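> When you get a sec, could you give me coordinates for this:
(2 chains)
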Amino acid sequence: MLDDLDRRILRHLQADPSRPAADLAEAAGTTPAVLSRRLARMTETAVLKGQEAVIDWRALGFSVEVSLRVTLDKTNPRAFDEFIAAAREVPEVLEIQTFLGRVDVRLSVIARDITHYQHIWRERLLTLPHIADIEALMHVARIKSKEGLPV
Amino acid sequence: MIALDSTDHALLRALQQDATQSAGALGRALGLSQPAAWRRIRRLEESGIIARRRVVLDAERLGFGVTVFLGVKLATKGRVSLEDFERAVTAIPEVQTVEHILGLYDYRLRVVARDIADFERVLRRRVMTLPGVGSVEANVLLSEERRPGPL
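Residues are numbered from 1 along each chain as shown, chains lettered A, B, ... in the order given. You can find the predicted model right below:
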């Protein structure tokens, strides 16, 4: 189980993942040696799974981001698996999430512009298998995006 | 916008998987010298293509068993109410992301909670009391995968 020091370390690490170990230790109120042991233990127990680079797709010229909410034809027992397998083949799909609720699957899709999006929509998305209903929501802005856990 | 070659794409893919890899290790994997790999990573960071790093934590091991996406429609609109809503919603620790979208509703929130009872507490005490909130639709996340994107 995690104690207060572990939680403090995770809070500061989430806020700024690239800060030097000495700074992180000081912010969490411990020594670099203890910090390194705690990080090693949390990595070993798989609480801490690593770090990923987050790409800003706008900076790469992908200015359109759309969230597709899909309802699947559930009379086919393989609908989920086949839909998800096919969605993985579309390079512009960034996220695939499944839900319990009004929506079955959500795809996060990027495109260079509306013309490019229109092309992906017709050629790659509407052709995905077992779609019963699909609706598109256009992203305007990210207000909060750090995705930290309130540890 | 800067032009990227296939080596830059390979670096981005590698850093999306594991952002803690050293320039030396990445260079060896891609046939670059350590300084050449370092310069390329630096350029990707400075141009904003690598926006930041994200610490990956195991939410379930940390006691967060439930993730819910909320679609929020505001009851009253106007610039002031949007700002009030955004300021208040961003301050809720359990709200991980806030996206402003066009379509069925106005905002999508990603909310973590310990369990369904805890989620109900967050929903009733924190979300439903936000300024200007109208209707709220909830979808419970069952599974999620991130894809590398068009690299």
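> I'd like the distance between the residue sitting furthest away from the middle of chain B and B:G24.
Computed with CA atoms, centre = their mean, the maximum C-alpha offset from the centroid of chain B is found at B:S33, amounting to 32.6 Å. As defined by CB to CB, to the nearest Å, B:S33 lies at a distance of 9 Å from B:G24. For every residue, glycine as well, the C-beta is placed using N, CA and C.
> re the thing from before, give me the phi and psi for the residue farthest from the centre of chain B.
Here is the backbone geometry of B:S33 (degrees, to the nearest 10): phi -70, psi 160.
> That one: what's it in contact with?
Neighbouring residues of B:S33 by CB atoms under 8 Å, 6 or more residues apart in numbering or on different chains: B:G27.
> The one residue sitting closest to the centre of chain B sits in which helix or strand?
Centroid-nearest residue in chain B, with CA atoms, centre = their mean: B:T97, separated by 6.0 Å. For B:T97, the host element (DSSP states H and E) is strand B:95-102.
> Just the strands from chain A, written as ranges.
Here chain A has its strands, by DSSP state E, at A:48-55, A:64-72, A:93-100, A:105-111, A:131-144.
> As JSON lines, those with distance to chain B would be great.
Shown next, in JSON lines, are the strands of chain A (distance: least, CB to the nearest CB, whole Å):
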{"stretch": "strand A:48-55", "distance to chain B": "4"}
{"stretch": "strand A:64-72", "distance to chain B": "7"}
{"stretch": "strand A:93-100", "distance to chain B": "4"}
{"stretch": "strand A:105-111", "distance to chain B": "7"}
{"stretch": "strand A:131-144", "distance to chain B": "3"}
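> Could you dump these into a markdown table with mean pLDDT and mean neighbour count added?
Shown next, in a markdown table, are the strands of chain A (pLDDT from 0 to 100; neighbours: other CB atoms under 10 Å in any protein chain shown):
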| stretch | mean pLDDT | mean neighbour count |
| --- | --- | --- |
| strand A:48-55 | 95 | 20 |
| strand A:64-72 | 96 | 20 |
| strand A:93-100 | 96 | 19 |
| strand A:105-111 | 97 | 22 |
| strand A:131-144 | 93 | 15 |
